[in-house]
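Colleague: one predicted model, sequence on top.
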Amino acid sequence: MKITLLLLFILHIISPSNASTKVCPSVEIHGHDEEVKLTETEKLLVCGDPKSESYKVIPPYQASYFFTAFLQSRGFLRPEFNTENGVLHVHTGPLRKMKKLQVDSDNKKERQAVKKELKRRYLREKLNPNLLDALEKRSKKIVGERGYPCADAKALADAEIQQVTIALNEGNHYTFGEVDKEPIKGLEENALDRYYPYRPQDPFNEQLLKLNEKRLLRSEVLQGTYYLNNCAPDMKEFRLSQYFILGPPRTIRFGVGASTELGPMARLRWSNNRYHSMASILSLNAQASVRSQSLNGTADIFFWKHKPRRSLLTQIELSRESQIDYEQSLLSFRPHMKWTYDSTRYLQTYTLGPTYEASTYHSKVDPNTKTYSAVNINGSSQLMSHSYEFFDIHPQEGSVFGFTFDFRHPSLGFSDPLVMLAGTYSEMRELGFFGKGAIIGAYRFNAGTTWVDDEVSLKSLPPSVKFYGGGSDDVRGFLLNTLPDNDGLGALTKLELKLEVRKTYLILEQIEAFGFVDSAYFGEKSWDIDPRLWYSPGLGLRWLSKLGLVQGYVARGYVTNPYIDKGNFYYAGIGGTF
C-alpha cells in the first residue's frame with residue numbers, strides 16, 4: 001500500500017500539470033505547462049465589459065478568436081475550445097519552444113554563421129510570432145554585417161517537432177561604394193568625412209552605418225541623419241543614399257548630479273559644432289564638485305580642406321583639485337596637432353604638441369605651497385575598436401588601447417629632466433547568455449612610470465606628474481586618490497589590473513549587476529614597484545538611464561605586506577567608467 005501511494009505521488013510530481021483557472025463566469029482556462037495570466041485589457045476582450053451595453057456579453061466564437069492570438073503570443077500554438085452550459089473552456093495545449101533550428105541557404109559560410117548565432121541567442125525560447133520576427137530580423141542583421149545589404153529571410157515554424165526553418169537569401173556581396181550624400185549648405189563636401197568609419201572599397205557592414213549615425217549625433221554637428229538602402233528587386237544592384245537633419249550648430253547644455261565620492265556636481269557647456277566650412281568645433285565647459293572644479297575651452301579647428309581628419313586641437317584649462325591628501329591648481333594651454341584614421345575594425349587617434357603649464361600645489365606631508373611654470377612636449381595615441389565605440393554610455397564589447405607621454409626639461413622651465421609614460425588596455429567580451437541578458441567579461445590593465453633621476457625628491461614633484469589610486473574609476477574599495485597611503489606624496493610607478501563580470505538585463509533591460517576585483521601596485525621610484533598590493537573585491541548594480549550611468553557598489557579593501565583589512569566601502573552616484 002505504501003509503495004503504491006509513493007508511486008502515485010511520484011507520478012503526480014513528474015506528470016504535466018493540468019490546472020484550471022476561472023477567468024470570469026463565462027471563461028475557464030485549462031493549462032498543461034504553466035498558468036496563463038491575462039492582462040486587464042485581454043480580460044475585457046474575452047469576458048466583456050459590464051459597464052458597456054454593446055460589449056457586456058462576448059460570444060464564445062469571438063472570445064475564442066481573441067484567445068487564439070493571446071495564447072500563440074505566449075507559445076501555446078495549438079489551443080482547443082469547447083462550450084458547455086454557456087462557459088467557454090480553453091485548452092491551451094502544451095507550451096512550445098524552439099528546440100531545433102534549420103537554416104536553408106546556398107551559401108554554406110553564411111548559413112553556418114547565422115545558425116550558430118541564432119542558436120546561441122534563441123534556442124529554447126517560446127515559439128511564437130514575436131520569436132519568428134526576431135529570427136528574421138537577426139538573420140538579416142548578421143549577414144548585413146558581413147557584406148550582404150539586400151538579404152531576405154523568412155522563418156516558418158513546425159509546432160509538432162518544435163523546429164524553426166529559416167529560408168535565407170543573402171543576395172550579392174557588396175562594398176559600400178560611393179554614398180549619395182545630401183549636400184549641406186555652407187559646408188565643404190568632405191567636411192564630415194572624419195565621422196565615417198568606412199571607405200568606399202570596404203565590404204558593406206550595416207553596423208558601421210549605425211556607428212556613423214552615432215558619431216554625427218554625439219559630436220552634435222547635426223541633429224540627425226539616416227540612410228536609404230536602395231536594392232534592386234533582383235538584388236543585382238545596390239546603392240546607398242544619406243540624408244541629414246541639420247538643426248542649430250550652437251547648443252547649451254546644463255546638468256547636475258551627485259555621488260558619495262565627489263558630492264554635488266554641476267556642469268554647464270556651450271558649443272558651436274559646425275563652425276565655418278569644415279565644421280570645426282568650439283566649446284566652453286565648466287564643471288564643479290566638492291573635490292574638483294574646472295573651466296575648459298576647446299577649439300578643434302580643421303584648416304585643411306583636403307585633409308578632413310587633421311586638425312589643430314587647442315585646449316585652455318583652469319582647474320583645481322582639492323583631494324583628501326593634496327591640493328593642486330593648474331593652468332594649461334595645449335596647441336596640439338590631431339590626426340584620426342579608421343581602419344576596417346579600429347579608430348586611431350593621435351595628438352602631439354607643446355603644452356604650457358603653470359601650477360601651485362601642496363600636500364599633507366609638505367604643506368608649504370610650491371609653484372612652477374614650464375613648457376612640456378605631450379603626445380597621445382588611441383586605438384579603439386568599432387565594436388567598443390558603438391555603445392553609447394557603457395561599452396560591453398570590444399577593446400581600446402591608449403598611450404600618453406609627457407616630456408619636461410630644465411631648458412623648457414621645469415626643475416628636472418622628466419619623462420612620464422602611461423598606457424592602458426581594456427577588453428570586453430560576451431561570454432554567453434543567461435535569461436534575457438548576457439554575461440560580459442572585462443579586464444583593464446593600466447601601467448605608468450615617471451622617469452626621473454633617482455636623486456629627485458618625490459616631495460618636490462607636482463601631483464600632475466605622479467600616479468594615484470582609489471575611487472570609482474580606479475581601485476574601487478578605497479577613497480578617491482588616496483593610494484598609495486603616503487599622505488599625498490603619490491607614486492612614480494603604477495601597475496593596475498581590474499577584472500569585472502557583468503550580468504546584463506537584470507529584471508529590466510537598463511539594469512545590470514556586476515562583480516569585480518581591482519588591484520594595484522605602486523612604487524616611489526621610476527621603473528620600480530613596492531611589494532605592497534592594494535586590492536578590493538566587490539559587487540554592484542548599474543542603471544543605464546537616459547541621464548547617464550547611475551551605479552552603486554560595495555567593496556572591501558585589503559592591503560598586503562603587512563596584511564590589513566580596510567573594511568567595507570560603499571559608493572553611489574552618477575557617472576563612472578570601468
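Modeller: Looks like it came in fine.
Colleague: just the helices in the stretch 201-350 of the chain please.
Modeller: 206-219 (DSSP state H, counting those that start in this stretch).
Colleague: quick one, strands of it?
Modeller: Under the criterion DSSP state E, counting those that start in this stretch, the stretch 201-350 of the chain contains strands at 224-231, 238-245, 250-259, 263-275, 280-288, 292-301, 310-322, 326-342, 346-363.
Colleague: could you dump those strands to JSON lines with mean pLDDT?
Modeller: Shown next, in JSON lines, are the strands of the stretch 201-350 of the chain (pLDDT from 0 to 100):
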{"stretch": "strand 224-231", "mean pLDDT": "92"}
{"stretch": "strand 238-245", "mean pLDDT": "95"}
{"stretch": "strand 250-259", "mean pLDDT": "93"}
{"stretch": "strand 263-275", "mean pLDDT": "96"}
{"stretch": "strand 280-288", "mean pLDDT": "97"}
{"stretch": "strand 292-301", "mean pLDDT": "98"}
{"stretch": "strand 310-322", "mean pLDDT": "97"}
{"stretch": "strand 326-342", "mean pLDDT": "97"}
{"stretch": "strand 346-363", "mean pLDDT": "97"}
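Colleague: want to try a markdown table for those, with distance to Pro417 and mean neighbour count as columns?
Modeller: Quick note: C-beta positions are derived from backbone N, CA and C, even for glycine. Conversion of the strands of the stretch 201-350 of the chain to a markdown table gives the following (distance: least, CB to CB, whole Å; neighbours: other CB atoms under 10 Å):
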| stretch | distance to Pro417 | mean neighbour count |
| --- | --- | --- |
| strand 224-231 | 49 | 14 |
| strand 238-245 | 51 | 16 |
| strand 250-259 | 39 | 13 |
| strand 263-275 | 38 | 17 |
| strand 280-288 | 33 | 17 |
| strand 292-301 | 29 | 17 |
| strand 310-322 | 25 | 17 |
| strand 326-342 | 20 | 17 |
| strand 346-363 | 16 | 17 |
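Colleague: in TSV, list those strands along with distance to Val164.
Modeller: As requested, these are exported to TSV (distance: least, CB to CB, whole Å):
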stretch	distance to Val164
strand 224-231	25
strand 238-245	28
strand 250-259	46
strand 263-275	46
strand 280-288	49
strand 292-301	50
strand 310-322	51
strand 326-342	37
strand 346-363	36
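Colleague: closest to Asp518 out of the ones you listed?
Modeller: strand 250-259 (17.4 Å; CB to CB).
Colleague: not counting its own residues, what contacts the closest one?
Modeller: By CB atoms under 8 Å, 6 or more residues apart in numbering, the list of residues contacting strand 250-259 from outside reads 220, 264-273, 472, 547-548, 571-575.
Colleague: about what we covered before: quick one: closest of the strands of the stretch 201-350 of the chain to Ile166.
Modeller: Ranking the strands of the stretch 201-350 of the chain by proximity to Ile166 (CB to CB) places strand 224-231 first, at 19.3 Å.
Colleague: against which helices or strands is the closest one packed?
Modeller: Helices and strands touching strand 224-231, by 3 or more CB pairs under 8 Å, 6 or more residues apart in numbering; DSSP states H and E, are helix 206-219, strand 238-245.
Colleague: who's in contact with Ser311?
Modeller: Per CB under 8 Å, 6+ apart, neighbours of Ser311: Ser280, Asp300, Ile301, Phe302, Phe303, Met337, Lys338.
Colleague: what residues of the helix or strand where Gly379 lies count as buried?
Modeller: Using DSSP states H and E, Gly379 falls within strand 370-385. Of all the residues in strand 370-385, those buried under the rule 16 or more other CB atoms under 10 Å are Lys370, Tyr372, Ala374, Asn376, Asn378, Ser380, Ser381, Gln382, Leu383, Met384, Ser385.
Colleague: tell me which two of the contacts of Ser311 sit farthest apart.
Modeller: Greatest spatial distance among the contacts of Ser311 (CB to CB): Ser280 and Met337, at 14.4 Å.
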